[in-house]
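[1] this one's structure only:
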């Protein structure tokens, strides 16, 4: 007779997520092609994220202010019921979704304690690309 091997069922480990605190940070990266939104707790651990592309927009519509607003609302929808109330907003990039993303943070029910523009500005670093011709 063949040996019968018995295997014990392995218990799945519970996924440990970031703890949601009443105060957090929102990082908005507005590029010319997309808008990325990341919501973190006060320690910097990601709680929720979204983008214009993840919201269902494709092509040129991803870079619109409307798509940026929807991306922020989608990310905020996941964390507002869990207890996030007050946020610091960090905006990076030259995209068209900057202003509408800020408005969407306010309409999502989050109070903004500070707004910072963290767009990197070179102190005349490497030589710039040649000028774009259209």
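    On my side now, so go ahead. Keep in mind it's a predicted model, so treat the numbers as computed, not measured.

[2] tell me the mean pLDDT for stretch 3-13?
    The pLDDT scores in stretch 3-13 average 75.

[3] what is the rounded mean pLDDT of the helix or strand harbouring residue 67?
    Taking DSSP states H and E as the criterion, residue 67 maps to helix 65-79. For helix 65-79, mean pLDDT is 94.

[4] which residues are contacting it?
    20, 24, 26, 28, 30, 35-39, 47-52, 54-55, 57, 61, 84, 95-101, 103-105, 107-110 (C-beta atoms under 8 Å, 6 or more residues apart in numbering). Every C-beta, even on glycine, is put in place using the N, C-alpha and C of the backbone.

[5] buried residues, it. List them.
    Buried positions in helix 65-79, judged by neighbour count with 16 or more other C-beta atoms under 10 Å: 65, 67-76, 79.

[6] so what's residue 109 closest to, chain neighbours aside?
    Distance criterion C-beta to C-beta, 6 or more residues apart in numbering; nearest residue to residue 109, sequence neighbours excluded, is residue 80 at 5.3 Å.

[7] list the residues that contact the closest residue in space to residue 33 that isn't next to it in sequence.
    Nearest residue to residue 33 in three dimensions, chain neighbours excluded: residue 63, at 5.4 Å (C-beta to C-beta, 6+ apart). Residue 63 makes contact with 31-35, 52, 95-97, according to C-beta under 8 Å, 6+ apart.

[8] please consider this matter closed, and thank you.
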